[in-house]
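Novice: fold the following and give me the result.
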Amino acid sequence: LHIGDTNTGKTYQAIQELKEAESGTYLAPLRLLALEIQERLNNEGVPCSMTTGEEEDIIPNAKHMSSTIEKLDMNKYYDICVIDEAQMIEDNDRGWAWTNAILGVYSERIHICMSENARHIVIKLIELCNDTYEIVEHTRNTQLVFENKPFDFKNGIQEHDALIVFSRKKVLSVATELENMGIKASVIYGALPYNVRKNEIRKFIDGETQVVVSTDAIGMGMNLPIKRIVFLESTKFDGKEIRYLKIPEVKQIAGRAGRQGMFNIGLVNSMVDSNYIKSILNEEYVPIEFARLQLPKTLLNLNMSLSEIMINWSKIPDEGCFKKSDINRDLKLCKLLEANTSLNKEAMLNLINIPFDEGFDVLENLWLDLILCFYNDGDILTEMDIPEIKKDDTLETLELKYKMLDLYFSFARTVHYNKNDFLKNIMKLKEEISMEIMEKLKTKETYRTCKYCGKKLPWDYNYSICQKCFKSRRNYWY
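Specialist: Now for the predicted structure:
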């Protein structure tokens, strides 16, 4: 068990043993990390394949695999397994994958990397299995200090700063304002394709950009030459509500400051609620009490529909150190399938587990259209409208098209469809869109605008309409 804060070498040490093993697997929380570890191992002479929900790169005769944790094959033996960011075990939607891996990976020796708050729950799972464990404590070599001076956006930005906001639009708006101030910025956010994100990181490392503007996507696994983390926001929308940042989130992001071997100290500051950020940065972790569980496949044998199984399973009281994962997304998709197809329960569950961002209606509709096309003996290649680049595509449109191609690829792999090298051609289209997104990002001309008159708004403006439009509408109604 590798236990310690961000930037303490937990994963690095675990990977050293993975490299020496005859066979091994690395289980990542993000596809970006799965791809990075695959690249590192291959560059160091260890043939390594890679598989995520959206991509696959199988190296002939490779005995090492790097994957997102959901893609773990529990029937395959590996001498060494590395499970990264195990504090994710409490995540309401994905925590079950860490529970499954810790309890079920088929390996002789397992390295589990985690922050302090996961210590208790991971040891509990290991003891339930009557397995043995050894703890390796990791501490920072660079001190992490909260600055005792207010942060000034106009005059206080320094080289090697990472500025943190919590939406794609704000990342791009901040980067645009910086460019107008003569400060070149790299951008990192979840919707960026891997190749684009890698290029943005390269520019920051090589000094082509002075600062990086990022969402909390920067918090896991990215070792960048960051001297100071600056929180430009203290709240985030978590998919359900706008809330204040939690202790693990602040610690995870702030810990990216002070790259070992480059800086003697890591600095942290905040433009808003600095006392709040400072206080929780220095607070102790709250131990994780529960590990998440997914619907067991053995329940598919019950004589009832899949949606009924899900509902009944969700009603079973939680016991011991386990909590059931949220089934709302899966139940919604299940009911869509039951209303539109006559597929068996196992097929439906496999399709429900295809990853896509259900926050976009167009992706949910595409998911269902693909299923209806394929299972009604249609042909995806000729009957589906596969997205391609158009001259008037905006950055946002290109990012959505990339997500659509991700879904095409994941679906085709799930149902084993590869007519006329379909998978290879989808990967080529994804590469073309990545290149186009890189070109769009070079201009950084992205502003927040009033939704009524189109006037440019400052990146930190709290409303979606300008004062003039607000007053005119108010006068109209009153």
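Novice: what's the local residue count around residue 235?
Specialist: 14 (other C-beta atoms under 10 Å). No exception for glycine: its C-beta is placed from N, CA and C like everyone else's.
Novice: an error on my part: the question was meant for residue 145.
Specialist: 15.
Novice: same check, this time on residue 104
Specialist: So residue 104, with other C-beta under 10 Å, has 12 neighbours.
Novice: show me what counts as buried in the longest strand anywhere in the chain.
Specialist: Identified as the longest strand of the chain according to DSSP state E is strand 107-114. Across strand 107-114, burial judged by 16 or more other C-beta atoms under 10 Å covers 107, 110-114.
Novice: and for it, what's in contact with it?
Specialist: 1-3, 10-11, 14, 17-18, 25, 77-87, 102, 122 (C-beta atoms under 8 Å, 6 or more residues apart in numbering).
Novice: I'd like to know which of those residues are buried.
Specialist: The neighbour count (16+ other C-beta under 10 Å) marks 1-3, 10-11, 14, 18, 25, 78-87, 102, 122 as buried among those.
Novice: and these, which of them are in helices?
Specialist: Judged by DSSP state H, helices contain the following of these: 10-11, 14, 18, 102, 122.
Novice: next, give phi and psi for residue 337.
Specialist: phi -70, psi -40 (degrees, to the nearest 10).
Novice: now swap in residue 462 and tell me
Specialist: Per degrees, to the nearest 10, the backbone of residue 462 is at phi -80, psi -10.
Novice: what's the single longest helix in the chain?
Specialist: Assigned via DSSP H, the chain shows its longest helix as helix 422-443.
Novice: with only the CA atoms kept, save it in CSV.
Specialist: Output of helix 422-443 as CSV, limited to C-alpha atoms (Å, rounded to 0.1, in the frame of the first residue of the first chain):
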residue,chain,number,x,y,z
PHE,A,422,-14.4,0.4,-39.2
LEU,A,423,-12.5,0.8,-35.9
LYS,A,424,-9.3,1.9,-37.7
ASN,A,425,-11.2,4.5,-39.7
ILE,A,426,-12.9,5.9,-36.6
MET,A,427,-9.5,6.3,-35.0
LYS,A,428,-8.4,8.2,-38.0
LEU,A,429,-11.3,10.5,-37.8
LYS,A,430,-10.6,11.1,-34.2
GLU,A,431,-7.0,12.0,-35.0
GLU,A,432,-8.2,14.5,-37.7
ILE,A,433,-10.6,16.2,-35.2
SER,A,434,-7.8,16.3,-32.6
MET,A,435,-5.6,18.2,-35.1
GLU,A,436,-8.4,20.6,-35.9
ILE,A,437,-9.0,21.2,-32.2
MET,A,438,-5.3,22.0,-31.8
GLU,A,439,-5.6,24.6,-34.6
LYS,A,440,-8.6,26.2,-32.9
LEU,A,441,-6.9,26.4,-29.6
LYS,A,442,-4.0,28.4,-31.1
THR,A,443,-6.2,31.4,-31.5
